[in-house]
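K.L.:
coordinates only, sequence not included:
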């Protein structure tokens, strides 16, 4: 498994409803259309650790069978459409997007 983690900053409070509508109705369907995608999970964070503020506003986790499948996906028109949509979100809502990738390693509770 190879996983992409997308961390979105918060929009201005007055833009939250419009951001959420656009994200759910436009961006997530475009991300879901990316070829070779095994799964996508999006989270609107609400709580920080031990009562603090969350470090991010939204997190999207996109999983691919392996790194080669991910790299092949990035060459697709669907990937380009998703990236353009992300740019539109950044421009329209003044948010930032940070992305990290890697291979998850499962642990067992001790």
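P.N.:
Good, I have the coordinates. It should be emphasised that the depicted structure is a prediction, and the values quoted were computed from it without experimental measurement.
K.L.:
which residues does the spatially most central residue of the chain contact?
P.N.:
A centroid search over the chain (CA atoms, centre = their mean) returns residue 60, at 2.9 Å, as the residue closest to the centre. Contact partners of residue 60, counting by CB atoms under 8 Å, 6 or more residues apart in numbering, are 4-6, 8, 28, 31, 40-43. C-beta here means a position set from N, CA and C on the backbone, and glycine is covered the same way.
K.L.:
So what touches the host helix or strand of residue 20?
P.N.:
In the assignment (DSSP states H and E), residue 20 maps to helix 16-22. Under the criterion CB under 8 Å, 6+ apart, residues 10-11, 44, 89, 92-93, 95 lie in contact with helix 16-22.
K.L.:
Show me how far it is from its chain's centre.
P.N.:
Distance of helix 16-22 from its chain centroid, counting by CA atoms, centre = their mean, to the nearest Å, is 15 Å.
K.L.:
need the strands for the chain, in chain order.
P.N.:
Ranges of strands in the chain, per DSSP state E, are 2-8, 39-44, 58-64, 97-102.
K.L.:
Make JSON lines out of those strands and add distance to residue 72 and mean pLDDT.
P.N.:
Listed next are the strands of the chain as JSON lines, based on distance: least, CB to CB, whole Å; pLDDT from 0 to 100:
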{"stretch": "strand 2-8", "distance to residue 72": "11", "mean pLDDT": "98"}
{"stretch": "strand 39-44", "distance to residue 72": "17", "mean pLDDT": "97"}
{"stretch": "strand 58-64", "distance to residue 72": "9", "mean pLDDT": "98"}
{"stretch": "strand 97-102", "distance to residue 72": "14", "mean pLDDT": "97"}
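K.L.:
For the contacts of helix 16-22, pick the one with the most neighbours.
P.N.:
residue 11 (21 neighbours; other CB atoms under 10 Å).
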